[in-house]
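J.: Okay, sequence plus prediction incoming.
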Amino acid sequence: MMANDAQGRWIRAARWMIGLGVAGLSCWLLTRDLDWQAVVSALASADYRWVIAGILAIVGTFFARARRWQALLWQSKVHLRPAMTAMLVGQVVNMALPMRSGDVMRAVWIGPERGTGTVEALGSVAVEKVWDLVALLACGLILLAWMPLPGWFAQSTWGTALTLVLGGGLLWALLRWQSPLFRWAGQFLARLPAGWDRALLPRLQRLANGLEAIRQPQVSAQALLWTGLNWSLGGLANLAVLAAFGIPSALAALFLLTALMVGGTVPTPGRLGIFEGICVVSLESFFGVPFDQALAVGLVLHLVVMGPPLVTAALLAFWPSRQPGNANEPA
């Protein structure tokens, strides 16, 4: 056990160091020939009333995402506040730690709430990712129809479509025939060293319970509605920040939304450097925005996207007498 703990610490440290290295390299590439005066001038000339509108749109995404997660936790009927708290705490952890550690954290956080269970919550988080892939595919198809894009973008979009079809089909089949599959799994695990079947099989069954949301038509309709609202508000936040710098382009806002979602998979703490780099490359290469202005947009947009979750998570998580599992909270 101690050896496993030590190995886990080394793995986490290695991930952290790799993330810092990627972030450092990205920051160096962005700033090595930078005209700081031009960036400061762009920041000074921005209309920050639009930035406030962008912040409000980001806050709106908290409610949309929490409502979606409530719908996906359909068997537990979790209330809004604990769902939003767990979601934002997980998002903050994802900012600080690479490899999506926050997704596990929020499942652990919401686990005691109304008997949800951590493993079931992990299943609902996986279904949530499926819906985000659907939204990502929709944005990619709109962009391909709206503007000429390089071949790699089209390949990425069709790759997302293929992943959804194959992965979604496989998941549906596994859930559809889970009873015989669990029976066979139980027979196989019973042949392994004592205790494996009792330890592993119940967890797999609870995970399947969390994944079942994807097969519920009413739940899927709600998830589709809240996913659309969440992504629309994210696009509006991008548009508001672009408008603050005199670039009121809905097309650029949608492209940034798609690019930043894909770039969010790069394991750097807080997406430092990667976030700004994606903004610069996207705006400069596809929309002709000067490098210095594009970097200023990236810096402000990064604060708009990352700041509100940090503040709101702290307020919700550490508010006196409010702990996960409080059954007296209003829905």
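T.: That came in fine, so what should we check first?

J.: can we go C-alpha only for contacts and neighbour counts from here?
T.: Will do.

J.: State the three-state secondary structure for the closest residue to Trp36 other than its chain neighbours.
T.: Closest residue to Trp36 apart from its sequence neighbours, by CA to CA, 6 or more residues apart in numbering: Asp292 at 7.9 Å. Assigned with DSSP: H, G, I helix; E, B strand; the rest coil, Asp292 falls in the helix class.

J.: Identify the residues contacting Trp69.
T.: By CA atoms under 8 Å, 6 or more residues apart in numbering, the residues touching Trp69 are Ala83, Ser124, Val125, Glu128, Ala223.

J.: now Ala86
T.: Contacts of Ala86 (CA under 8 Å, 6+ apart): Met105, Arg106, Ala107, Trp109, Ile110.

J.: What's the mean pLDDT across the helix or strand hosting it?
T.: Taking DSSP states H and E as the criterion, Ala86 maps to helix 80-96. Per-residue pLDDT over helix 80-96 has a mean of 88.

J.: Next SSE downstream of it?
T.: Heading C-terminal from helix 80-96 (DSSP H and E), you reach helix 101-110.

J.: pLDDT averaged over that following helix - what is it?
T.: 87.

J.: The residue in the chain sticking out farthest from the centre: what secondary structure?
T.: Farthest-out residue of the chain from its mean C-alpha position, per CA atoms, centre = their mean: Arg191, at 39.2 Å. What three-state DSSP gives for Arg191 is coil.

J.: give me phi/psi at it?
T.: Backbone torsions for Arg191, taken as degrees, to the nearest 10, come to phi -80, psi -10.

J.: re earlier: Serialize the contacts of Trp69 to TSV and add fields for secondary structure, neighbour count and distance to Thr118.
T.: Shown next, in TSV, are those (DSSP: H, G, I helix; E, B strand; the rest coil; neighbours: other CA atoms under 10 Å; distance: CA to CA, whole Å):
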residue	secondary structure	neighbour count	distance to Thr118
Ala83	helix	25	13
Ser124	helix	27	10
Val125	helix	22	10
Glu128	helix	21	15
Ala223	helix	26	20
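
J.: Quick check: the gap between Ile110 and Arg176.
T.: As judged by CA to CA, to the nearest Å, Ile110 and Arg176 stand 27 Å apart.

J.: These two: who's more crowded?
T.: Ile110 (25 against 13; other CA atoms under 10 Å).

J.: was I right about the more buried one contacting Thr118?
T.: Yes - between Ile110 and Thr118 there is a contact at 7.0 Å, judged by CA atoms under 8 Å.

J.: Can you tell me what sits against stretch 72-85?
T.: Applying CA under 8 Å, 6+ apart, the external contacts of stretch 72-85 come out as 62-63, 65-67, 69-71, 110, 113-116, 121, 124, 127-128, 210, 213-214, 219, 223, 313, 316-317, 324-325, 329-331.
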